[in-house]
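Colleague: one predicted model, sequence on top.
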Amino acid sequence: MIGLVCFAMVLPQTRRRSSSAATSSAVRAAPRPRLNSAASRDKDAARERFGVTTGQAGIVRTRTGRRFFGDAQLEASLLERVRASIGAAGLWDELSTSWVCLDCELMPWSVKAQALLREQYAAVGSSARVALADQSSVDAAIEWWERLASSGGEGMVVKPREFITRDRRGPLQPAAKCRGPEYLRMIYGPEYKAPENLDRLRSRGLTHKRSLALREFALGTESLERFVRCEPLRRVHECVFGVLALESEPADPRL
């Protein structure tokens, strides 16, 4: 059985459900492939909005636009579950929409490696999510991260509760990964925690990397908004090409 972890939902209208007072959340990090899925309520909705004439009511693609599944039956089965879940949650009617575009991660990350997933990554499916509403919840998240790290876990991802969040200086970075020591040893070397190595790592600036992430996020959001407004495809592609240009800028991938 396969499923999706949804990060963002794009709708024809900028409507959101009300949320709690929590401003951030933390969730366990795990190696799952990202994908984008467009799902229509039915075949008629897909034909009306996207001009689909093949009878499909959705599609699953990689983040670079390629078809995610080589098995059409597997894709259709997953999309049917997505549509059923949206219907069961009442979102079609609540949000007054006949289609959605989802930014997701696939679970399990490798459909073929079931044995490995059961033995090594089973905990991911039951991983906790911590809402960071006050100092006590922050302390609880730190304690949870320390337990994860001490058991060899990859780490956690901290992100704002709202998809787009701003402070007095502008938009906030959409997410930050807090890696555990064992994972960092694979990146920086087995002796990275030696005092002289930590001093060297701490002296590196993150301003350029953060700025790059924010600019890519802004362009990605703008491309989605143009798509939702049914603007010409060339207008959507302007933002996509902008993201590709930013990814060509030199930046240390280990940061």
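Modeller: Arrived safely. Owing to the predicted nature of the structure, the values given are computational and were not obtained by experimental measurement.

Colleague: show me where the stretch 101-250 of the chain has its helices.
Modeller: Here the stretch 101-250 of the chain has its helices, by DSSP state H, counting those that start in this stretch, at 114-120, 122-125, 135-150, 181-188, 195-202, 207-228, 233-247.

Colleague: would you say residue 46 is within a strand?
Modeller: No: using DSSP: H, G, I helix; E, B strand; the rest coil, the assignment for residue 46 is helix, not a strand.

Colleague: for it, which residues are in contact?
Modeller: By C-beta atoms under 8 Å, 6 or more residues apart in numbering, the residues touching residue 46 are 40, 52, 56, 57, 58, 99. C-betas here are computed from N, CA, C, even on glycine.

Colleague: could you do residue 215 as well?
Modeller: By C-beta under 8 Å, 6+ apart, the neighbours of residue 215 are residue 246.

Colleague: before we move on, what about residue 63?
Modeller: By C-beta under 8 Å, 6+ apart, residue 63 lies in contact with 34, 35, 36.

Colleague: same thing but at 6 Å, please
Modeller: Neighbouring residues of residue 63 by C-beta atoms under 6 Å, 6 or more residues apart in numbering: residue 34.

Colleague: is it in a helix, a strand, or coil?
Modeller: Under three-state DSSP, residue 63 falls in the coil class.

Colleague: shaky segments in the stretch 1-150 of the chain?
Modeller: Filtered on pLDDT under 70, the stretch 1-150 of the chain yields the residue ranges 1-33, 107-130.

Colleague: what ranges do the strands span in it?
Modeller: Along the stretch 1-150 of the chain, counting by DSSP state E, counting those that start in this stretch, strands occupy 3-10, 24-28, 34-40, 58-61, 99-107, 129-131.

Colleague: which parts of the fourth one are buried?
Modeller: Read that as strand 58-61. Residues 58, 59, 60 are the ones in strand 58-61 that count as buried (16 or more other C-beta atoms under 10 Å).

Colleague: can you put those residues in a markdown table and add distance to residue 181?
Modeller: Formatted as a markdown table, the buried residues of strand 58-61 follow (distance: C-beta to C-beta, whole Å):
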| residue | distance to residue 181 |
| --- | --- |
| 58 | 41 |
| 59 | 40 |
| 60 | 35 |
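
Colleague: closest one of the residues you listed to residue 69?
Modeller: In terms of C-beta to C-beta, no member of these lies closer to residue 69 than residue 60, at 6.0 Å.

Colleague: so that closest one sits against residue 36, correct?
Modeller: No: taking C-beta atoms under 6 Å as the definition, residue 60 is not a contact partner of residue 36, at 7.5 Å.

Colleague: what residues do those two have in common as contacts?
Modeller: Shared contacts of residue 60 and residue 36 (C-beta under 6 Å, 6+ apart): none.

Colleague: give the residue farthest from the middle of this protein.
Modeller: Most distant residue from the mean C-alpha position of the chain: residue 196, 34.8 Å away (C-alpha atoms, centre = their mean).

Colleague: for that residue, give its distance to residue 202.
Modeller: From residue 196 across to residue 202, the span is 11 Å (C-beta to C-beta, to the nearest Å).
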